[in-house]
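Student: Quick one, fold the following:
(one chain, ligands or ions: 1)
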Amino acid sequence: MTTPSAPVAARDIPSDQRGNCAICSTLIQRYGAGGNPLCRSCLARVQGDAERKKPSA
Ligand SMILES: [Zn+2]
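Tutor: Numbers count the residues shown, from 1 in each chain. As a prediction, the model looks like this:
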């Protein structure tokens, strides 16, 4: 069984794709394929907040 989205260690991120999370400044893969301006935990929190803000009706 494979792990499709294993966490990427900062040292494994190409230097030109490294960046800091926009919220907590953790070093992440911010650019390039698979890059994201937020780290996984902040992204999850932001998405969770967005879900909660939606009207349930
Ligand atoms: Zn973060």
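Student: rest of the way, CA atoms for contacts and neighbours
Tutor: Fine.
Student: Strands of the chain, start to end?
Tutor: Secondary structure of the chain (DSSP state E): strands at 18-20, 27-29.
Student: Show me what the last one is packed against.
Tutor: In this case it means strand 27-29. For strand 27-29, the elements it packs on are strand 18-20, judged by 3 or more CA pairs under 8 Å, 6 or more residues apart in numbering; DSSP states H and E.
Student: The strand it packs on - what's its average pLDDT?
Tutor: Computed over strand 18-20, the mean pLDDT rounds to 95.
Student: Within the sheet, what are the partner strands of it, with directions?
Tutor: Using DSSP bridges, strand 18-20 pairs in its sheet with strand 27-29 (antiparallel).
Student: Report the distance from the partner strand to the chain centre.
Tutor: Mean C-alpha position of strand 27-29 versus that of the full chain (CA atoms, centre = their mean, to the nearest Å) differs by 8 Å.
Student: mind listing what's buried in that strand?
Tutor: Buried residues in strand 27-29, counting neighbours by 16 or more other CA atoms under 10 Å, are found at 27-29.
Student: Thank you kindly, that will do.
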